[in-house]
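Colleague: this is the structure alone, sequence omitted:
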């Protein structure tokens with residue numbers, strides 16, 4: 001064998017000591033496009049939904065941190081310039097992270113809608129995201145529960161799409 005199995009020099013895995021068995025031939029995995037357009041579209045939708053799920057989940061922390069920094073700024077003495085500057089810097093960073101999430105959700109939504117994806121209750125969630133920078137602690141808790149419910153729905157939808165992908169692979173293998 002030209003390329004030894006990387007084991008850190010400790011040992012050669014059992015069954016791989018000698019040459020490959022008679023008739024064994026390496027076959028590289030098929031690319032997505034070899035399964036057809038339906039497979040590629042399903043895979044793309046599943047990937048985009050995964051990105052949407054991650055982005056929505058990531059939206060909770062910047063929103064909480066914006067609220068927290070505003071509370072801390074309100075309590076910070078006016079004459080403590082260094083502390084106020086630090087709090088304002090963190091606030092701006094968290095507002096930028098929130099704005100980035102809003103833009104990413106909008107872009108993902110547009111891509112998915114362009115692929116013919118129909119949103120259900122997630123539409124309400126995505127519509128609320130841009131308007132929710134000013135949250136109280138209780139509103140943030142409700143928002144987090146709401147996001148968790150919707151990301152759970154997205155996960156279930158991804159599971160259905162994965163099952164569809166497996167079925168397509170099975171029929172075209």
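Modeller: In hand now; what should we look at? The structure presented is a predicted model; accordingly, all values stated were derived computationally and were not measured. Numbers count the residues shown, from 1 in each chain.

Colleague: now do the helices in this structure.
Modeller: Remark: helices assigned in the chain by DSSP state H are 37-58, 60-75, 81-114, 122-128, 137-172.

Colleague: can you tell me which of those helices the model trusts least?
Modeller: Lowest mean pLDDT within those: helix 122-128, at a mean of 67.

Colleague: wait, what's in contact with the residue of the chain most remote from its centre?
Modeller: Distance from the centre of the chain peaks at residue 22, with 44.0 Å (Cα atoms, centre = their mean). Shown in contact with residue 22 (Cβ atoms under 8 Å, 6 or more residues apart in numbering): no residues. The way it works is simple: take the backbone N, C-alpha and C, and place the C-beta from them, glycine included.

Colleague: can you tell me how far it is from residue 163?
Modeller: 37 Å (Cβ to Cβ, to the nearest Å).

Colleague: how about residue 100?
Modeller: For residue 100 relative to residue 163 (Cβ to Cβ), the value is 32 Å.

Colleague: what does residue 85 give?
Modeller: 53 Å.

Colleague: what does residue 59 give?
Modeller: Distance of residue 59 to residue 163, computed by Cβ to Cβ: 28 Å.

Colleague: and if you look at residue 112?
Modeller: Relative to residue 163, and taking Cβ to Cβ, residue 112 is found at 19 Å.
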